[in-house]
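Engineer: Give me a 3D structure for the following:
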Amino acid sequence: MAAGTVTLTGVLHGRTIELDREPGLPEGQALQVTMKPMQDGRKGLAPGEGLRRAFGAWAADGEELDEFLEWNRRQRKAGRPETDP
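Structural biologist: Numbering: from 1, shown residues only. The predicted structure follows:
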């Protein structure tokens, strides 16, 4: 690992911090640690959770979303020549 700052997340257990991945440093390497609690104490969102939360905003407007997507498809095809399969 090149010299510089690396940001990792982890969980505090007494005087030990369990990192979420290997830091890539040799055993016994001296470090300077700055701690910042994560929002709501969470370790982060599960893979895909951010997308599920974002797309959930459209749940109440499903018909409007379908109409918009169809309109968008028509606009993208406007002016394009037909192709033969």
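Engineer: Please enumerate the strands of this structure.
Structural biologist: In the chain, the strands defined using DSSP state E lie at 10-13, 16-19.
Engineer: Make TSV from those strands and add distance to Ala30 and mean pLDDT to it.
Structural biologist: (Glycine included, C-beta is placed from N, CA and C.) Below are the strands of the chain laid out as TSV (distance: least, Cβ to Cβ, whole Å; pLDDT from 0 to 100):
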stretch	distance to Ala30	mean pLDDT
strand 10-13	18	86
strand 16-19	15	89
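Engineer: Show me what the lengthiest helix in the chain is packed against.
Structural biologist: Looking across the chain with DSSP state H, the single longest helix is helix 62-77. Contacts defined by 3 or more Cβ pairs under 8 Å, 6 or more residues apart in numbering; DSSP states H and E place helix 62-77 against no helix or strand at all.
Engineer: Tell me how far it lies from the chain's centre.
Structural biologist: Remark: helix 62-77 is offset 27 Å from the chain centroid, using Cα atoms, centre = their mean, to the nearest Å.
Engineer: just stretch 31-49 next, same as before
Structural biologist: On the basis of Cα atoms, centre = their mean, stretch 31-49 sits 13 Å off its chain's mean C-alpha point.
Engineer: List the contacts of that stretch.
Structural biologist: Stretch 31-49 has contacts (Cβ atoms under 8 Å, 6 or more residues apart in numbering) with 9, 11-12, 17, 20, 25, 53.
Engineer: Spatially central residue for the protein, please.
Structural biologist: Gly50 (6.3 Å; Cα atoms, centre = their mean).
Engineer: and stretch 53-68, what's its mean pLDDT?
Structural biologist: Mean pLDDT, computed over stretch 53-68, is 78.
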